[in-house]
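Peer 1: got a sequence here, can you build the structure:
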Amino acid sequence: MRLRLLQTVAMGQVLSLLICGTAVSCQFLADAGVRTPMLQSFLNYALLLLTYTLVLCTRKGEGNILKMLRTKWWKYLLMGLADVEANYAVVKAYQFTTLTSIQLLDCFVIPVLMLLSRLFLKTRYRPVHFVAVAVCLLGVGAMVGADILIFLRSHSANNVMLGDGLVLLSAVLYAVSNLCQEHTVKNQSRVEFLGMMGLFGTLITGALCSAVMLFAVYALCMYALYSFMPVVVKMTSATAVNLSLLTADLFSLFCGLFLFNYKFSALYIISFVVITTGFILFNAFPTNSSPPENRAESDDHAAASPSLRPLPSHIDVGATEAFDAATAL
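Peer 2: Prediction:
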C-alpha cells in the first residue's frame, strides 16, 4: 500500500515536470513571436498517430481500429475535438497572460472535473472534497485579480482578461477530455484511448491549420521526388533529369496564374514546347558512360538505361575467335 502510494506520488511529479516543460517552451515561443498554437498541437497528435494508432491498426478481432470506428467513432471525435480546442486555448493564452497565471488558473479543471465525474461517472465525494474545491475557486479569483493589477499599466486589461478567459475555457475542455480518458482507460484500454486521440487529433488539427496542410504537401512532394528521381536517373542520366526539371518553373508559373494572380504570357507556351523538344532530342540519342561497378538487382533490370546496354555482338564474336586460336596453339 505504501509502495503504491509512493509510486503514485512519483509518477504524478513526473507528469508535473512534463507539464512544466510544455509551459516553459510555450512561453519561450510566445516571447519569440511564434504564433502557431494549432501546429504545436498537430505535432503531438501526429506522434500519437504514428505510435498508438498504428498499433490499433495491427490488432485483430474486437480490438481492431475499424470495428472501433464503426461503433464509437462519434464519441472519439467529440473527445478529440475537446482536447484539440483545450490545447489551442491554453497555448493561445500565452500571448496575453503570464506563465505563472496560466499554471495556477489551470487548477480550475479540478472542480469542473469533479462536477462532470459526479454527473456522468456517478462518483461520490466527501464534504472535505467540496471544501477543497471552494478554496481552489477562491484561488482562481485571486489570481485573476492579481493579473489585472500587475499588468494594468504595461498591458491592456482586456488582453489580460482574455488570456485568463482562454485558460479557464481550456480547463473546462481539459476536464471533458480527462473524463473521457478516465472512462476509456478503465473500461477499454490505454492504447485505444491514445490511438483514437492521435487519429482524430491529427485530423482535426490538420483540417483547422492551413500551415499544417502546406507542410504536409511540401513533405509529400519532396518524399515522392526523392523516391522517384533515382528511377528516372537510372533510365536516362542526371543531366537529362535536370533538363526535364526545367519545366517545373513553367508549371509553377501556370499555378501562379490561378493561385497568385500572375499575368499570362504566350512565351510560357513557347518555352514549354522548346524545353520539351530539347529534352526529347537529348534522350533520343544514348550517351556513352562507363558501366556500373556492381550489377543492379533483378527488380531494377527493366529500368536499365540505354547507355548501359551490352556491347555489340560482333565484339563478342571476335573475342571468342581469338580465344579459340590461342587454345589451338
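Peer 1: quick one: the helices in the stretch 1-150 of the chain?
Peer 2: For the stretch 1-150 of the chain, the helices defined by DSSP state H, counting those that start in this stretch cover 2-31, 37-48, 54-58, 65-93, 99-105, 109-116, 127-150.
Peer 1: centre of the chain versus the shortest one, how much separation?
Peer 2: I take that to be helix 54-58. Remark: helix 54-58 is offset 18 Å from the chain centroid, using CA atoms, centre = their mean, to the nearest Å.
Peer 1: and if you look at the second one?
Peer 2: Computed by CA atoms, centre = their mean, the separation of helix 37-48 from the middle of its chain amounts to 6 Å.
Peer 1: what residues sit buried inside it?
Peer 2: 37-42, 44-46, 48 (16 or more other CB atoms under 10 Å). The way it works is simple: take the backbone N, C-alpha and C, and place the C-beta from them, glycine included.
Peer 1: give me the contacts around that helix.
Peer 2: The contact list for helix 37-48 (CB atoms under 8 Å, 6 or more residues apart in numbering) reads 26, 29, 84, 87-88, 91-92, 194-195, 197-198, 201-202, 205-206, 208-209, 211-212, 215.
Peer 1: restricted to buried residues, select those in PyMOL.
Peer 2: Only the buried members of those enter the following PyMOL selection, criterion being 16+ other CB under 10 Å:
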select buried, resi 26+29+84+87+88+91+92+194+195+197+198+201+202+205+206+209+212
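Peer 1: any idea which element residue 184 lies in?
Peer 2: Here residue 184 sits within helix 157-187, counting by DSSP states H and E.
Peer 1: what is that helix packed up against?
Peer 2: helix 65-93, helix 99-105, helix 109-116, helix 127-150, helix 190-208 (3 or more CB pairs under 8 Å, 6 or more residues apart in numbering; DSSP states H and E).
Peer 1: quick one: that helix to helix 190-208, angle?
Peer 2: 140 degrees (axes from the mean of the first three to the mean of the last three CA atoms, to 10 degrees).
Peer 1: and helix 157-187, average pLDDT?
Peer 2: In this model, helix 157-187 carries a mean pLDDT of 87.
Peer 1: tell me how far that helix is from the chain's mean position?
Peer 2: 23 Å.
Peer 1: what stretches of the stretch 51-200 of the chain score poorly on pLDDT?
Peer 2: For the stretch 51-200 of the chain, the stretches with pLDDT under 70 are 100, 103-104, 140-141, 143-158.
Peer 1: what does stretch 203-215 contact?
Peer 2: So stretch 203-215 is contacted by 36, 38-39, 41-42, 45, 80-81, 84, 216 (CB under 8 Å, 6+ apart).
Peer 1: quick one: those as TSV, columns for distance to residue 3 too.
Peer 2: Output for the contacts of stretch 203-215, formatted as TSV (distance: CB to CB, whole Å):
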residue	distance to residue 3
36	43
38	42
39	42
41	36
42	39
45	35
80	36
81	39
84	37
216	46
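Peer 1: pLDDT check: weakest of these?
Peer 2: Comparing these by pLDDT, residue 216 comes last, at 79.
Peer 1: so what's that residue up against?
Peer 2: residue 206.
Peer 1: next up, the contacts around residue 4.
Peer 2: With CB under 8 Å, 6+ apart, residue 4 has no contacts at all.
Peer 1: what of residue 247?
Peer 2: 272, 275-276, 279.
Peer 1: those in helices, which ones?
Peer 2: Assigned to helices by DSSP state H, the following of the contacts of residue 247 qualify: 272, 275-276, 279.
Peer 1: now for residue 190, how many residues are close by?
Peer 2: By other CB atoms under 10 Å, the residues close to residue 190 number 12.
Peer 1: gap between it and residue 74?
Peer 2: Per CB to CB, to the nearest Å, residue 190 is found 21 Å from residue 74.
Peer 1: that older thread, can you lay out the ones in helices among the contacts of residue 247 as TSV showing pLDDT?
Peer 2: Shown next, in TSV, are the ones in helices among the contacts of residue 247 (pLDDT from 0 to 100):
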residue	pLDDT
272	77
275	80
276	80
279	76
